[in-house]
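> below are the sequence and a predicted model for it; my questions follow.
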Amino acid sequence: MAKTSATHKGFRRNHKAKTLDIVFDGETATGFASFETLYAAPTTVQKAPLGHGVTDPMGGKWRYCKAGAALTNPLLAAGGNAGWTSITPAVTAVGALEIAYTASSDASATVDQYANGAVIIGAAAANRRFYHIKGNDVSATTTGTLRLFHPVRFAIAGTEWATINPSPWADVRILSTASTKMSACCMPLQPVDSGSYFWGKTRGPVFGTVAATVPGEAADDRVVVFNSDGAFIMADESWNAGKSGQVAGYVMLNTNAGGDQAIWLQLE
C-alpha cells in the first residue's frame, strides 16, 4: 500500500506515486485510475468530486459525472443539461468564503446543486472574478448562500450582476435534436441509470455511432464533430448553413480499407 501523509483541506500526499491526491468522504481520488475502475458499474454512491479528472494507463482522460437522466446509448455523446443562473450577490467582504445572494432566477436549487461549478461576479473589469463553488445551501424563494473553495479577493458591493455556472458534469444527459444548444462533456461508454455516478471519457480512443458518412471513407475527411443527437458526423457535413458543430476529434487509423467509427476524442 502506498505511504501517504495528510495535508490541508482534503489533500493527501502519496509518496510512492509522487502525487497529491484528493480525499473525498474517506476515499482517495488520485490523478490516475485503472481501466477496471473507469469501466466499473455506475453507482448511486458518490465516490469522487463531480468533474474530478483522471488519466488512464494509456493517457486517456476521464471526468467523474452524475447522470441527470438514463444514458441508454453509451455510444452517443452526453452533455451538461444545466444552464447558467443569474443572481444578485449580497455585500461581501474581502477574504470571505461565502457569498449570499438574492434575486436568483432559480427558485428551487437543492443542497450542493452548484458544487464544483463557478460564480462570475460582474464588477468593473479590473475586479471581475471567477470563483469556484465548493457547495451551496438550499435556496428559499430565490435566496441562498454559495460556499467557495477560495476567498473573495475584491469586496462585493451588492449591486453587481453575477451568474452561477453549474458543473457540466453534475446533470449529464445524452445530446438531443430537441435541444440543439448543448455541448458534449463526455462519452459515457456504458449505460447509466438516472441519478447514478460514473466516469465519462473526454480524451483518447473511443467508438461511437455515426450520423451520416462513416469517418474516413472519403479522401481528406479526418475531422469529426458531434451531430445534434450526439452521434459522429464529418465536419464538412456539419459546418454549413450557419452551423458550427462541436469538434469531437479525428479519425485515428489509416482508412484505405474503409471508414472507421473509432476516433481520437478531443473534448480536452
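Received, thanks.
> quick one, grab the pLDDT at H8.
pLDDT recorded at H8 is 39.
> buried set for the longest strand along the chain?
Assignment by DSSP state E gives strand 197-207 as the longest strand of the chain. Neighbour counts over strand 197-207 (16 or more other Cβ atoms under 10 Å) mark Y197, F198, W199, G200, K201, T202, R203, G204, V206 as buried. Every C-beta, even on glycine, is put in place using the N, C-alpha and C of the backbone.
> and stretch 212-231, by the same measure?
For stretch 212-231, burial by neighbour count (16+ other Cβ under 10 Å) applies to 214-216, 221-231.
> gap between the two ends of it?
Criterion Cα to Cα, to the nearest Å; first-to-last residue distance in stretch 212-231 is 9 Å.
> next one: that stretch to chain centre, how far?
24 Å (Cα atoms, centre = their mean, to the nearest Å).
> for the stretch 101-250 of the chain, give me the ranges with low pLDDT.
Counting by pLDDT under 70, the ranges of the stretch 101-250 of the chain that qualify are 107, 124-127, 139, 141, 177-179.
> what about the strands in it?
For the stretch 101-250 of the chain, applying DSSP state E, counting those that start in this stretch gives strands covering 118-122, 129-136, 144-148, 161-165, 172-174, 184-186, 197-207, 223-226, 232-234, 247-251.
> do a quick rundown of the helices in this protein.
Along the chain, the segments classed as helices by DSSP state H run 35-38, 235-238.
> hey, which of those helices is tucked in deepest?
Among those, ranked by average contacts under mean count of other Cβ atoms under 10 Å, first place goes to helix 235-238 (a mean of 18).
> which other helices and strands contact that one?
Secondary-structure packing of helix 235-238 (3 or more Cβ pairs under 8 Å, 6 or more residues apart in numbering; DSSP states H and E): strand 223-226.
> okay, now the sheet partners of the strand it packs on, with direction.
Within its sheet, strand 223-226 is paired with strand 232-234 (antiparallel), strand 247-251 (antiparallel), according to DSSP bridges.
> the last one vs strand 197-207, what angle?
With axes from the mean of the first three to the mean of the last three Cα atoms, to 10 degrees as the criterion, the two stretches strand 247-251 and strand 197-207 enclose an angle of 40 degrees.
> starting at the chain centroid, how far to stretch 192-199?
Averaging C-alpha positions (Cα atoms, centre = their mean) puts stretch 192-199 14 Å from its chain's average.
> list the contacts of that stretch.
The contact list for stretch 192-199, computed with Cβ atoms under 8 Å, 6 or more residues apart in numbering, reads 33, 37-40, 42-48, 54, 62-71, 74, 188, 190.
> one more pass at 7 Å, please.
Here stretch 192-199 makes contact (Cβ atoms under 7 Å, 6 or more residues apart in numbering) with 38, 42-44, 46-47, 62, 64-71, 188.
> closest one of those to D106?
Checking those against D106 by Cβ to Cβ gives G68 as the nearest, at 14.9 Å.
> please name whichever of the helices of the chain is nearest to H132.
Closest among the helices of the chain, using Cβ to Cβ: helix 35-38, at 24.7 Å.
> next, the contact list for the closest residue to F207 other than its chain neighbours, please.
Spatial nearest neighbour of F207, excluding adjacent residues (Cβ to Cβ, 6 or more residues apart in numbering): A262 at 4.8 Å. Residues in contact with A262 (Cβ under 7 Å, 6+ apart) are P205, F207, M252, L253.
> alright, I will stop here.
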